[in-house]
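S.K.: sequence plus the predicted model coming up.
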Amino acid sequence: MKIVRKTLFMLLCLLVLVCGAVPALAAEPQSAAPAKETSIYNRKQIAFLVIDGTGQVNSKMRTLWQRQVRQAYPRAKYEFISDPQVLLRGQNYVEVQATDGVNESVLAGAAETMGADVVGLIVVNDMREYLVQSFFMDWDDGPETYLRVITSADLYMYKRDGDKFKKKKLRKVETTDISLAVSPYKEIQYAMSDLARSFEGLPLI
């Protein structure tokens with residue numbers, strides 16, 4: 001009788017051990033799949049270049065114009081190249097290669113030189129504002145004074161994906177009341193916004 005009890009006790013212990021081991025095996029962690037890189041760490045590169053032929057472009061203007069390109073490219077997928085040496089290398093490439101004007105092949109080469117996926121370029125030719133007198137005399141105050149604004153710039157967008165290229169020539173001379181005049185850098189801002197958004201098929205604002 002004692003032998004039977006002993007045997008049953010051993011079988012019971014063995015059964016408990018086996019039942020306890022099965023959940024432990026089931027709970028054993030699986031080898032985790034490598035985490036997929038989030039887009040913010042694998043963003044495409046935008047090179048924004050300004051070639052100033054007037055000596056008037058400052059950092060405020062450049063930043064304002066760059067923001068217009070940002071409208072077409074979300075931060076989660078694109079980032080601007082900030083290394084000044086890389087940007088200078090791209091600008092030098094454009095200035096050397098564009099002997100017959102900036103075209104698709106010039107910007108394609110600049111993009112490759114900088115490692116950029118998108119290139120936005122503004123070539124500023126003229127930005128002038130000066131006062132002019134009206135031909136008509138006001139009997140009380142003398143001739144009216146107006147502001148003449150001259151804006152000339154060439155704007156370009158290039159994208160390596162699909163080898164897309166688009167340009168816009170801005171030529172504007174306007175003589176108007178001083179309070180209604182739009183500065184040349186603002187005219188370039190609006191034109192760059194339209195170019196970048198239309199380049200990516202977005203509605204104009």
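M.R.: Ah, there it is.
S.K.: going forward, measure contacts and count neighbours with C-alpha atoms only.
M.R.: Fine.
S.K.: pull up the gap between the spatially most central residue of the chain and residue 53, please.
M.R.: With distances taken as Cα atoms, centre = their mean, the chain has residue 70 as the residue nearest its mean C-alpha position (4.2 Å). From residue 70 over to residue 53 the distance is 24 Å, taken as Cα to Cα, to the nearest Å.
S.K.: off-centre distance for stretch 111-121?
M.R.: Centroid separation for stretch 111-121 versus its chain: 11 Å, with Cα atoms, centre = their mean, to the nearest Å.
S.K.: CA atoms of that stretch as CSV?
M.R.: Output in CSV follows, covering the C-alpha atoms of stretch 111-121 (Å, rounded to 0.1, in the frame of the first residue of the first chain):
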residue,chain,number,x,y,z
ALA,A,111,21.5,68.0,-56.4
GLU,A,112,24.0,65.1,-56.9
THR,A,113,26.8,67.3,-55.6
MET,A,114,24.9,68.2,-52.4
GLY,A,115,23.2,64.9,-51.9
ALA,A,116,19.8,66.6,-52.2
ASP,A,117,16.5,65.1,-53.2
VAL,A,118,15.0,68.5,-53.9
VAL,A,119,16.6,71.8,-54.9
GLY,A,120,15.0,75.2,-54.7
LEU,A,121,16.9,78.1,-56.3
